[in-house]
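Chemist: 3D model of this:
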Amino acid sequence: MSTESATAAAPRGAAPSLTGVFVRLKLSLLRNGLRGSTGRTLAYVGSILVGLLFTTGAMLGLLALRGTAHAGALVVLLTGILALGWAVLPLFFPTGDETLDPTRLVMLPLRPRPLIRSLLVASLVGIGPFVTLALVTGSVIAVADGAAAAAVGVVAVVLVVLVCVSLARAVATASVRLLTSRRGRDLAVLGGLFIALGAQGVNIAAQKLGRPDGLSVLEPVGTVLRWVPPASAVGAVEDAGHGAYGRALAGLALTAVALVGLLWWWQRTLTTLMTAPDSSTLQAVEKDSARGAGKEERGLARLLPDGRTGAVVLRTLRYAWRDPKSKMAWATALGVGLLVPVVSAAQGNGSIYSSFSASALLGAQMYNQFGQDTSAFWMVASTIATPRDAYEELRARALALASVAVPFVTLVVLGSAAVIGPWSDFLEVYGLSLAVLGALLATGALSSALFPYSIPSESNKNVAPGQGAIAWFSLFGGVLVGAVLCAPLLGLTIWLHVAGLHHLLWVLLPVGAVYGAGAAELGLRMAAPRVARRLPEILVAVSKG
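Modeler: Modelled structure (predicted):
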């Protein structure tokens, strides 16, 4: 028998299913990832244990709420938070799962529908889907009442888990090219800030829920969310227990429609991603060419003066916007500076003086100015020949910081006066805030000259190995000196209060503004000759990362 005949006679089997292949691939990725290092293995095992403990505690809490008056509103809100978490997680941790990047499969002859089915099943493998399954199951048990509710609950659990996983996959696929770019990595760096803000929100909510009959405050939110998928599926369980079968069917239908819509969106974006050329580089080149073709500077550059001052201000602001470490430091200062008075107001025991956090955190950005340049500081050092050059360099950096800090501090103090009050303290607090900002600019300039340290650009650390003590001493020592510099103005404030001269407290605004500007100017002039003398030492210190 010829080879052709044997080939023709061989039965043509069906194409092998991709689902099993992708599940085994997911398990292999998890197993091989654990073999990388002992630290990674311990971290993964620790995350599993923490997840199991959290899930067990949450399950027990949900079971304890069974039969309570407002359990339905709580579980609906919990389901909404779970879906939100699945939606935003790929944006902040795009490299957490290698299978989230479908561009790795572009060269394989795979069709979208079987690929989506296989990826969806593979996505159900892991600690995240298990925790979601447990929490949704506990939520269903907390509100299920009767056989009909239990039957609806089984369907609801399946729908909610599938919607959560599909949502994460669709979002990751739609934004995979952004997340693998520089801007995407910057977004991931900022993920810690958003998590901190969310943690504060959870803290405030927990304090409100801990009050007597605190769950009642969730009813308005629960009434709205029970018609928003996938929370509508959990709401359908409670409706079925109360005999409202029409509402229960509508809730399940909404979640089912949302699942179909997500799968359709996922398939469409996946098809586009795997067939369209990646023209991001060409677009970037076109934008750069168009930008370079312009004869005049645009935006902020047009408002800046010529010479060293304008160039340094523009360079500093661009570093703050483009460099991931600088962007993280600025975003943290802005976010936490605003968060402190907001949390203080939300807790009901706030004070307008909490707005000092904005001045303190933004003023601290003046510390270690040359460390932000890393080894590229040699280009700055080559332009500094005299103390006058050093003074202009430091002054321009301080102006760049003040151009953001002064408007932001103004808005924070205004908002604190409007929300927390009283308005009579606005001028006093605003003047003191400007004085604190000026004092920190002064000590930051001196600290940058005397205690520079390197900021590694490739690792997650903000201080190079062996320079941790320098960084802590620079920051805390400078802050203490800044507090001492503000002591005269603080003494004046206390004297006006004790003497009952409240009608003269308004003078603290002009005095504080002048005092802050004078302190900053004095600090810059004291730091400039030290920078000019210590250029080689500064270059060595900031180049260790």
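
Chemist: Could you list the domains of this protein?
Modeler: For the chain, automatic domain parsing gives the domain ranges 18-275, 302-542.

Chemist: would you list the ones you listed in TSV and tack on mean pLDDT and mean neighbour count?
Modeler: All C-beta spots, glycine's among them, are computed from the backbone N, C-alpha and C. Formatted as TSV, the domains of the chain follow (pLDDT from 0 to 100; neighbours: other Cβ atoms under 10 Å):
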stretch	mean pLDDT	mean neighbour count
domain 18-275	77	17
domain 302-542	85	19
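
Chemist: List the backbone torsions phi and psi for residue 226.
Modeler: phi -70, psi -10 (degrees, to the nearest 10).

Chemist: So the nearest residue to it once chain neighbours are set aside: helix, strand or coil?
Modeler: Excluding its sequence neighbours, the residue lying closest to residue 226 (Cβ to Cβ, 6 or more residues apart in numbering) is residue 235, at 3.3 Å. With DSSP: H, G, I helix; E, B strand; the rest coil as the basis, residue 235 sits in helix.

Chemist: tell me what the strand or helix carrying residue 131 is packed against?
Modeler: Assigned by DSSP states H and E, residue 131 falls within helix 127-143. Under the contact criterion of 3 or more Cβ pairs under 8 Å, 6 or more residues apart in numbering; DSSP states H and E, helix 127-143 touches helix 38-64, helix 71-92, helix 147-174, helix 231-241.

Chemist: out of the ones you listed, which comes closest to residue 515?
Modeler: Nearest of the helices and strands packed on helix 127-143 to residue 515, taken as Cβ to Cβ: helix 71-92 at 41.6 Å.

Chemist: The closest one - contacts with which helices or strands?
Modeler: Contacts defined by 3+ Cβ pairs under 8 Å, 6+ apart place helix 71-92 against helix 127-143, helix 147-174, helix 182-189, helix 191-209, helix 219-225, helix 231-241.

Chemist: how about the helices and strands packed on helix 127-143, which one is nearest residue 420?
Modeler: Here helix 71-92 is closest among these (Cβ to Cβ), at 27.7 Å.

Chemist: what sits against residue 122?
Modeler: 19, 22, 23, 25, 26, 99 (Cβ atoms under 8 Å, 6 or more residues apart in numbering).

Chemist: quick one: what helix or strand has it in it?
Modeler: Secondary structure from DSSP H and E places residue 122 in helix 112-123.

Chemist: between that helix and helix 127-143, how big is the angle?
Modeler: 80 degrees (axes from the mean of the first three to the mean of the last three Cα atoms, to 10 degrees).

Chemist: returning to what we had before: reformat the contacts of residue 122 as TSV; add secondary structure and distance to residue 70.
Modeler: Formatted as TSV, these follow (DSSP: H, G, I helix; E, B strand; the rest coil; distance: Cβ to Cβ, whole Å):
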residue	secondary structure	distance to residue 70
19	helix	41
22	helix	42
23	helix	40
25	helix	44
26	helix	39
99	helix	39
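
Chemist: any chance of those in JSON lines, with distance to residue 519 too?
Modeler: Formatted as JSON lines, those follow (distance: Cβ to Cβ, whole Å):
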{"residue": "19", "distance to residue 519": "67"}
{"residue": "22", "distance to residue 519": "63"}
{"residue": "23", "distance to residue 519": "64"}
{"residue": "25", "distance to residue 519": "61"}
{"residue": "26", "distance to residue 519": "59"}
{"residue": "99", "distance to residue 519": "55"}
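
Chemist: follow-up on the earlier one: which of the helices and strands packed on helix 127-143 sits closest to residue 360?
Modeler: Of all these, it is helix 71-92 that lies closest to residue 360, at 27.0 Å by Cβ to Cβ.

Chemist: Now stretch 47-61 - C-alpha only, CSV.
Modeler: Extracted in CSV, the C-alpha atoms of stretch 47-61 (Å, rounded to 0.1, in the frame of the first residue of the first chain):
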residue,chain,number,x,y,z
SER,A,47,-0.7,34.3,49.8
ILE,A,48,-2.7,31.1,49.6
LEU,A,49,-2.8,30.7,53.4
VAL,A,50,-3.8,34.4,53.8
GLY,A,51,-6.5,33.9,51.1
LEU,A,52,-7.9,30.8,52.8
LEU,A,53,-8.0,32.5,56.2
PHE,A,54,-9.7,35.6,54.8
THR,A,55,-12.2,33.4,52.9
THR,A,56,-12.9,31.3,55.9
GLY,A,57,-13.5,34.4,58.1
ALA,A,58,-15.7,36.0,55.4
MET,A,59,-17.7,32.8,55.0
LEU,A,60,-18.3,32.5,58.7
GLY,A,61,-19.3,36.2,58.8
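
Chemist: Many thanks, have a good one.
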